[in-house]
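Need the 3D shape of this:
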Amino acid sequence: LIGTLQKVNTGNHIGGEMESTIVRAHVRSTNLRRYLNRQDSPPLIQTLKKLFNKSFSSTSKQLAVDHHVQTPSIESYECAHYTYNNVNYSRSQTHLGNSLVLFYSSVIESKAVAGSIEKIEIYRGQPFFHIRRQEPLPPSRYDPFRRYPWFFAEAYSSKMSNSPLERIPAFWIVSHAARFNFSNERAVIVNLSR
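Below is the predicted model of the structure:
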């Protein structure tokens, strides 16, 4: 810092804008470093210290990290994406295509139903998806795909259900699905299972 200040052309005028900016930045960084290195700092500050060290690595160990500090445990939190068994799932607000799934709504269910992931919750380290079902096709509507059981497509209503979201564990998801809305308020759902 002293060398940098000595090289600045001041025209024999001490206390210019550049000098004061450099000194203020140095004082602020020193105060932050001192605060982060305090032994009696809260656990959150200790966690931030770890993040600073990972983000802004330095050759001199300015922020000494105690490895015994644990990050605060969070029992439940939400996320926008989650990868489960090498498949990326997203909530519908983030990426509609990655939110469309076929899933079993209960253990005794024998047929997978279509839905869209509205919320992804990690509870005690386990992923849970909050899914809004696709409305089934009304009996009065014709399903042109019923004649082809080997073709993994089924007609549904193009509307989503107004019922409450279903909270299911990640292992109840069968696969992603593709949805295409076509005539007479119908949508075709295609199983994208690998």
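
C-alpha from now on. contacts and neighbour counts both.
OK.

where does the protein have low pLDDT?
1-16, 18-19, 56-74, 194 (pLDDT under 70).

biggest helix in it by residues?
helix 17-36 (DSSP state H).

Would you mind pulling up the elements that that one packs against?
helix 43-55 (3 or more C-alpha pairs under 8 Å, 6 or more residues apart in numbering; DSSP states H and E).

and Ser175, how far is that from Asn31?
52 Å (C-alpha to C-alpha, to the nearest Å).

try Ile117
For Ile117, the distance to Asn31 - C-alpha to C-alpha - is 45 Å.

Next: Ser105.
Ser105 is 55 Å from Asn31, by C-alpha to C-alpha.

Of the two, which one has the most company?
Ser105 (20 against 12; other C-alpha atoms under 10 Å).

does the more buried one sit in a helix or strand, and which one?
In the assignment (DSSP states H and E), Ser105 maps to no helix and no strand.

quick one: contacts of stretch 187-194?
Contact with stretch 187-194 is made by 102, 114, 152-158, 174-182, as judged by C-alpha atoms under 8 Å, 6 or more residues apart in numbering.

repeat for stretch 158-171
So stretch 158-171 is contacted by 84, 105, 115, 118, 126-135, 181, 185-187 (C-alpha under 8 Å, 6+ apart).

which of those are buried?
Burial by neighbour count, 16 or more other C-alpha atoms under 10 Å: within these this picks out 105, 115, 118, 127-135, 186-187.

what two of the residues you listed are the furthest from one another?
Pro127 and Arg186 (31.3 Å; C-alpha to C-alpha).

For the longest helix of the chain, output the C-alpha coordinates as PDB.
Below are the C-alpha coordinates for helix 17-36, written out as PDB (Å, rounded to 0.1, in the frame of the first residue of the first chain):
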ATOM      1  CA  GLU A  17      -9.400  11.800  -3.800                       C
ATOM      2  CA  MET A  18      -7.500   8.800  -5.000                       C
ATOM      3  CA  GLU A  19      -5.400   8.600  -1.900                       C
ATOM      4  CA  SER A  20      -8.400   8.900   0.400                       C
ATOM      5  CA  THR A  21     -10.200   6.200  -1.600                       C
ATOM      6  CA  ILE A  22      -7.300   3.800  -1.300                       C
ATOM      7  CA  VAL A  23      -6.900   4.400   2.400                       C
ATOM      8  CA  ARG A  24     -10.600   4.100   3.100                       C
ATOM      9  CA  ALA A  25     -10.700   0.700   1.200                       C
ATOM     10  CA  HIS A  26      -7.700  -0.500   3.100                       C
ATOM     11  CA  VAL A  27      -9.200   0.500   6.500                       C
ATOM     12  CA  ARG A  28     -12.500  -1.200   5.700                       C
ATOM     13  CA  SER A  29     -10.900  -4.400   4.600                       C
ATOM     14  CA  THR A  30      -8.700  -4.400   7.700                       C
ATOM     15  CA  ASN A  31     -11.700  -3.900  10.000                       C
ATOM     16  CA  LEU A  32     -13.600  -6.700   8.200                       C
ATOM     17  CA  ARG A  33     -10.600  -9.000   8.500                       C
ATOM     18  CA  ARG A  34     -10.200  -8.200  12.200                       C
ATOM     19  CA  TYR A  35     -14.000  -8.800  12.800                       C
ATOM     20  CA  LEU A  36     -13.900 -12.100  11.000                       C
END
